[in-house]
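Enquirer: coords please:
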Amino acid sequence: MWNDAPLTFGLLGYPLGHSFSKSYFEQKFQHLQFNNFAYQLFELEHLHNIRQTLQAYPHLRGFNVTIPYKKDIIAYCDVISEEAQQIGAVNCVLIEHQKWIGFNTDYYGFKQSIKPFLEPVHERALILGSGGSAQAVKHALTSVGVEVYTVSSTLPTSEKVMHYSQLNSTIFDAFKLIVNTTPLGMFPNTENAPNIPYTFLNASHLCYDLIYNPAETLFLKQAKARGALTLNGLSMLHLQAEKNWDIWTSAPNKI
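Expert: Model prediction:
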């Protein structure tokens, strides 16, 4: 059986000081009594020669991908799931028969974690940021009928993209769901927050921060102070982690 062999899993990103994945999976291995499993951190400043670098781990079965490589890792995968192709980002790689197969489980984790809190008033959402996680959030919300606009620090390039300077009371009246997908406020830089007009938030807003360390970011604190319902990314982390586990331990895997 696959679980009788020594297997290695891991997390690819830079930097990785904020990640809980290593302790999460090591506790899981201990609970399951899989003493021959290991979880490594691959903290790499660039992806040059990434496949050769990871050849140093001959028992590597798969790895998670985090900031800033969720888009860039696609170029190094042999196969991409249909969902990951649609999203344009990969956060989970399965290694099977020396092939790297890319998946997106952020989509699943976010969708499952936010579903219980969505109300009819949340028909439109603002996504702060435009990275790989933002694409997964956009895909998830669109799939349940929420109209999505992206807020970017660069000049808008399409109809559904706006600049932070365009945010005003009218926008916040129309968009009752705000999702932060940027790393602003992540440990250790907890004094940072997205530059939005928090004064326009109220009890009708739902504010979700993908960050889970700290548990309450400055973004969430300011939203809560104005009566908004707030959620952090811990539930999403657990859900996507378990989805990763299912992918890594289900053989054979099919796209």
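Enquirer: the strands in the stretch 1-150 of the chain, which residues?
Expert: Using DSSP state E, counting those that start in this stretch, the strands found in the stretch 1-150 of the chain span residues 7-13, 37-43, 60-65, 79-80, 92-96, 99-103, 124-128, 147-152.
Enquirer: now those strands in CSV, with mean pLDDT?
Expert: Formatted as CSV, the strands of the stretch 1-150 of the chain follow (pLDDT from 0 to 100):
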stretch, mean pLDDT
strand 7-13, 96
strand 37-43, 96
strand 60-65, 97
strand 79-80, 97
strand 92-96, 96
strand 99-103, 97
strand 124-128, 98
strand 147-152, 96
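Enquirer: include mean neighbour count and distance to residue 210 when you put those into JSON lines, please.
Expert: Glycine gets a C-beta too; all of them are placed from N, C-alpha and C. Formatted as JSON lines, the strands of the stretch 1-150 of the chain follow (neighbours: other Cβ atoms under 10 Å; distance: least, Cβ to Cβ, whole Å):
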{"stretch": "strand 7-13", "mean neighbour count": "22", "distance to residue 210": "14"}
{"stretch": "strand 37-43", "mean neighbour count": "17", "distance to residue 210": "20"}
{"stretch": "strand 60-65", "mean neighbour count": "24", "distance to residue 210": "14"}
{"stretch": "strand 79-80", "mean neighbour count": "18", "distance to residue 210": "22"}
{"stretch": "strand 92-96", "mean neighbour count": "23", "distance to residue 210": "16"}
{"stretch": "strand 99-103", "mean neighbour count": "21", "distance to residue 210": "18"}
{"stretch": "strand 124-128", "mean neighbour count": "22", "distance to residue 210": "10"}
{"stretch": "strand 147-152", "mean neighbour count": "19", "distance to residue 210": "14"}
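Enquirer: redo the ones you listed as a markdown table? Include distance to residue 118.
Expert: Putting the strands of the stretch 1-150 of the chain into a markdown table (distance: least, Cβ to Cβ, whole Å) gives the following:
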| stretch | distance to residue 118 |
| --- | --- |
| strand 7-13 | 29 |
| strand 37-43 | 33 |
| strand 60-65 | 26 |
| strand 79-80 | 28 |
| strand 92-96 | 25 |
| strand 99-103 | 24 |
| strand 124-128 | 10 |
| strand 147-152 | 13 |
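Enquirer: show me the one of those strands that comes nearest residue 204.
Expert: Nearest of these to residue 204, taken as Cβ to Cβ: strand 124-128 at 12.2 Å.
Enquirer: that closest one vs strand 147-152, what angle?
Expert: Put simply, strand 124-128 runs at 20 degrees to strand 147-152, going by axes from the mean of the first three to the mean of the last three Cα atoms, to 10 degrees.
Enquirer: which of the strands of the stretch 1-150 of the chain sits closest to residue 199?
Expert: With Cβ to Cβ, the closest approach to residue 199 among those belongs to strand 124-128: 15.5 Å.
Enquirer: ok, that closest one: who's next to it in the sheet?
Expert: Here strand 124-128 is paired, per DSSP bridges, with strand 147-152 (parallel), strand 177-180 (parallel).
Enquirer: so what touches it?
Expert: 134, 137-138, 141, 146-151, 167, 171, 174-182, 194, 196 (Cβ atoms under 8 Å, 6 or more residues apart in numbering).
Enquirer: only the C-alpha atoms, please, for it, written as CSV.
Expert: Coordinates of the C-alpha atoms in strand 124-128 are reproduced here as CSV (Å, rounded to 0.1, in the frame of the first residue of the first chain):
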residue,chain,number,x,y,z
ARG,A,124,-21.8,41.5,-5.5
ALA,A,125,-18.3,41.2,-4.2
LEU,A,126,-15.1,43.3,-4.2
ILE,A,127,-11.9,41.2,-4.2
LEU,A,128,-8.9,43.1,-2.9
